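**Student:** Output the structure for:
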Amino acid sequence: MKRIYSKYKAHYRDTLTLAIPVVISQLGHMLVQTTDSVIVGHFAGTIPLAAVSLVNGVFMLILVIGLGISYAITPMIAQENGRKNYAECGRMLCNSLFINIITSLLLFVFVYWGSAVVLDHLHQSPAVLVQAKPYLRLLGLSIIPLMVFVTFKQFAEGLGFTKQAMMISIWGNVLNVCLGIIFVKGLFGFTPMGIRGVGYSTLIDRCIMGVVMTVYVFRSKHFKAYLKDFAIRNIDRARSLQLLRIGAPVALQYTFEISAFTGANILIGTIGAVDQAAHQVAISLAALTYMMSSGLSSAAAIRSGTNFGAKNYDGLRASAISSYHIVIAFMSITALVFAFGNHILPWIYTSDKNVISIASQLLIIASFFQLFDGAQVVGLGILRGMGDVNVPTLITFFAYWIIGLPVAYMLGLRYHLGPVGVWYGLVLGLITASLLLFIRFQIISKRVASGSG
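**Tutor:** Purely as a prediction, here's the structure:
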């Protein structure tokens, strides 16, 4: 252990310096859904909490399409920066902003006019559906400002500036919590809005975050050299397609994974509202640790992209391995927290003892899959930084849709193991993805280091 630490010490430091603000910023995306669940669970009840669970599962499936496409700019900016091609960074930014705005508008249209149709065919509780539909439409509208925020966030992070997005995310979440409680409870003269209240608070929060992040990038002295060629005239087909060739597979990677968890949510919803509420409690906690790992994955993508662009292949492998070490250490700690706090943590969300009983069982399973969840998302980030996205996309499809979800269905519904059986299937999918992605990283990194790739 001492020898390994000495070998990777510098890389641990550099990766963590870059990753910690990104982790906090990424966590902000997840905390929006988490705080919504906490507020609704305590102030509105179990049925509204089940509605939040259903909507968050469906919405995250839609949202990750946009986020995946937006993530294309980060490794590309890192690679161009590694080559010291600063003008190209500005050109990439204007093309990325164009693509992301178009994507957000299309996703909003789909959510607004398609949400009722989709929800009506999921065989969920009618009481849950009544409360879910208006909440989903408000979240759909919030995609537009969120995608603007993410565009400039990913641009800044690709250049190594990560703290500003972190601070904006922190204050944005504080605002979201305050407005959510005010709107749901009906404080300060507002009419109590129930579940719609957290929808409005999220929309307002994301609008403000988008404006503040945009102003920061354009006013900061750090980006002057990169923004000289940021102009509408530089939006062109070649660069847009280049971004989409990275972004579309990344969007599919996230879609395959999140859709498996959304599918699990829907499967559990057919069992009952209490089971679905318990699933929301456990998956919200697991999603927090996932988003932290996702932040580390983004940092790993930046470092691997920069090293790849500079043709520093030894540094690429060392930084990647150090990222694996860090995520394994972190997820080992969270696994222990879930295992020993499985009866305590659900009280954060609800006081319903039936929900807590089921959620505590699911947290034991969550403690087991922490290592694999962290390893697979970091593996995706490292490969994305090197521009390798197509094979990892096939891996995620195989792991979650060929292995994970069918097993979840068989164990949960056919063999009547309930939510626990569904989660066993998810664990198997995560194990498959993490192992195959690590093998892929070893093959690609050794190939480029030897000069044959």
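**Student:** next helix or strand past the helix or strand where Ile356 lies?
**Tutor:** Assigned by DSSP states H and E, Ile356 belongs to helix 353-385. Moving toward the C-terminus from helix 353-385, the next helix or strand (DSSP H and E) is helix 390-397.
**Student:** average model confidence for stretch 381-401?
**Tutor:** Taken as a whole, stretch 381-401 has an average pLDDT of 89.
**Student:** Now do the end-to-end distance for it.
**Tutor:** Counting by C-alpha to C-alpha, to the nearest Å, the length from the leading to the trailing residue of stretch 381-401 is 21 Å.
**Student:** Now do the buried residues in that stretch.
**Tutor:** Residues of stretch 381-401 classed as buried under the neighbour-count rule (16 or more other C-beta atoms under 10 Å) are 381-389, 392-393, 395-401. Quick note: C-beta positions are derived from backbone N, CA and C, even for glycine.
**Student:** same question, stretch 318-336
**Tutor:** When neighbours are counted by 16+ other C-beta under 10 Å, the buried residues of stretch 318-336 are found to be 318-327, 330-331, 334-335.
**Student:** Need the phi and psi values for the residue nearest in space to the middle of the chain.
**Tutor:** In the chain, the C-alpha nearest the mean C-alpha coordinate belongs to Met291, at 5.5 Å (C-alpha atoms, centre = their mean). Comment: the main-chain dihedrals of Met291 come out as phi -70, psi -30, following degrees, to the nearest 10.
**Student:** Check the gap between Gly412 and Asn173 for me.
**Tutor:** Gly412 sits 33 Å away from Asn173, taking C-beta to C-beta, to the nearest Å as the criterion.
**Student:** coming back round to it: and which of the buried residues of stretch 318-336 is nearest to Leu345?
**Tutor:** Nearest to Leu345 among the buried residues of stretch 318-336 is Thr334, at 11.0 Å by C-beta to C-beta.
**Student:** wait, isn't that closest one in contact with Phe368?
**Tutor:** No. Between Thr334 and Phe368 no contact is recorded; they are 11.5 Å apart, counting by C-beta atoms under 8 Å.
**Student:** Enumerate every residue touching the closest residue to Ser297 other than its chain neighbours.
**Tutor:** Closest residue in space to Ser297, ignoring its immediate chain neighbours: Gly381 at 3.1 Å, by C-beta to C-beta, 6 or more residues apart in numbering. Listed by C-beta atoms under 8 Å, 6 or more residues apart in numbering, the contact set of Gly381 reads 294, 296-301, 304, 323.
**Student:** related to what we said a few turns ago, looking at Gly412 and Asn173, which one has more neighbours?
**Tutor:** Gly412 (25 against 21; other C-beta atoms under 10 Å).
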